[in-house]
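Engineer: Sequence and computational prediction follow.
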Amino acid sequence: MNQINIVVAGASGKMGSEALRMIEKEEYLNLVGCVDLKHTGKKVSEIEGLPNLDALFYHDINQCLEAVDADVLIDLTSPKVGYQHTKAALLNGVRPVVGTTGFTAEQLEELTKLAKEKQVGGIIAPNFAMGAVLMMQFSRMAAKFFPDVEIIEKHHDQKVDAPSGTAIKTAELIQETRQAKQQGHPDEEELIKGARGADFDGMKIHSVRLPGLVAHQEVTFAGPGENLTIKHDSFHRESFMSGIRFAVEQVVDLSELIYGLEHLMLD
């Protein structure tokens, strides 16, 4: 495989640092720069706990993309910053691989149009764990036969968005095959507001935030006399790296923006 030059945004964070370790292990992946609010002007190798790589840290995405020859941007930041980074990458002809969740429908539409205009491929994925992608697809299949369903997602207590992007994407996929219905008793009353969770097309989504968790989701379906639970657990952030590596390999051949890793895994 030809060498792929990569910029990582959010490189000093927990997911970003894991991505740096993944890049270090692969001979065909070459880190050319990092974008982060910390460590501007320093080499990755100068930061304690990060791999022995010579790429520099930059404070600003545009400054970084002007200074280095990048093929792919891996963005693992926040929704607001991730949107700005993705847009900057597309404008500079760099292919974004984005693991940041929380983009609005309007932002996704704008980025999709920009990618098409620039003929630059990109991937935005709510979850890069391949097992989680399969969990979402299996849930989509099951919903055709089990319209009564609830989603429980659990993440660490530093996650700022709720529900998670994975839970929202799961609900959207379920909606494609599920016969719409309002679940629960018609006279159901919440004695404490929010007790029944968020409502999405009549199904409920529950978010749990606790220290020590990484990323966990279970989708529970029920029918007369039976129950089906589809569950996925990420116990370490390393679980997302195989999907990110796969996306980097695939994105260099794309000329459009794709939302969801399943479009590449299951085609």
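Structural biologist: Sure, I can see it. Numbering: from 1, shown residues only.

Engineer: for the chain, what spans make up the strands?
Structural biologist: 4-9, 29-35, 56-58, 72-75, 95-98, 122-124, 148-155, 198-200, 203-209, 215-223, 226-234, 257-259 (DSSP state E).

Engineer: Out of those strands, flag the one nearest Leu65.
Structural biologist: The closest of these to Leu65 is strand 4-9. By C-beta to C-beta, the value is 7.0 Å. (Glycine included, C-beta is placed from N, CA and C.)

Engineer: Would you reformat the strands of the chain as TSV and include mean pLDDT, distance to Ser164 and mean neighbour count?
Structural biologist: Putting the strands of the chain into TSV (pLDDT from 0 to 100; distance: least, C-beta to C-beta, whole Å; neighbours: other C-beta atoms under 10 Å) gives the following:
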stretch	mean pLDDT	distance to Ser164	mean neighbour count
strand 4-9	98	20	25
strand 29-35	97	24	23
strand 56-58	97	28	22
strand 72-75	98	17	28
strand 95-98	98	15	28
strand 122-124	96	14	27
strand 148-155	98	5	21
strand 198-200	96	11	15
strand 203-209	98	7	18
strand 215-223	97	7	19
strand 226-234	97	11	15
strand 257-259	94	15	20
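
Engineer: I'd like those laid out as a markdown table, including distance to Val248.
Structural biologist: As requested, the strands of the chain are exported to a markdown table (distance: least, C-beta to C-beta, whole Å):
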| stretch | distance to Val248 |
| --- | --- |
| strand 4-9 | 6 |
| strand 29-35 | 7 |
| strand 56-58 | 20 |
| strand 72-75 | 5 |
| strand 95-98 | 6 |
| strand 122-124 | 9 |
| strand 148-155 | 24 |
| strand 198-200 | 31 |
| strand 203-209 | 30 |
| strand 215-223 | 20 |
| strand 226-234 | 19 |
| strand 257-259 | 13 |
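
Engineer: To Ala115, which of the ones you listed lies closest?
Structural biologist: strand 257-259 (3.7 Å).

Engineer: Show me what the closest one is packed up against.
Structural biologist: Secondary-structure packing of strand 257-259 (3 or more C-beta pairs under 8 Å, 6 or more residues apart in numbering; DSSP states H and E): helix 105-118, strand 122-124.

Engineer: and it, how far out from the chain's middle?
Structural biologist: Distance of strand 257-259 from the chain centroid (C-alpha atoms, centre = their mean, to the nearest Å) equals 12 Å.

Engineer: quick one on the thing from earlier: any idea which of the helices and strands packed on strand 257-259 is most buried?
Structural biologist: strand 122-124 (a mean of 27; mean count of other C-beta atoms under 10 Å).

Engineer: and it, which strands flank it?
Structural biologist: Pairing partners of strand 122-124, with direction, according to DSSP bridges: strand 95-98 (parallel), strand 257-259 (parallel).

Engineer: Between the strands of the chain, which one is closest to Glu109.
Structural biologist: strand 257-259 (10.1 Å).

Engineer: Touching the closest one from outside, list them.
Structural biologist: 90, 108, 111-112, 114-116, 121-125, 264 (C-beta atoms under 8 Å, 6 or more residues apart in numbering).
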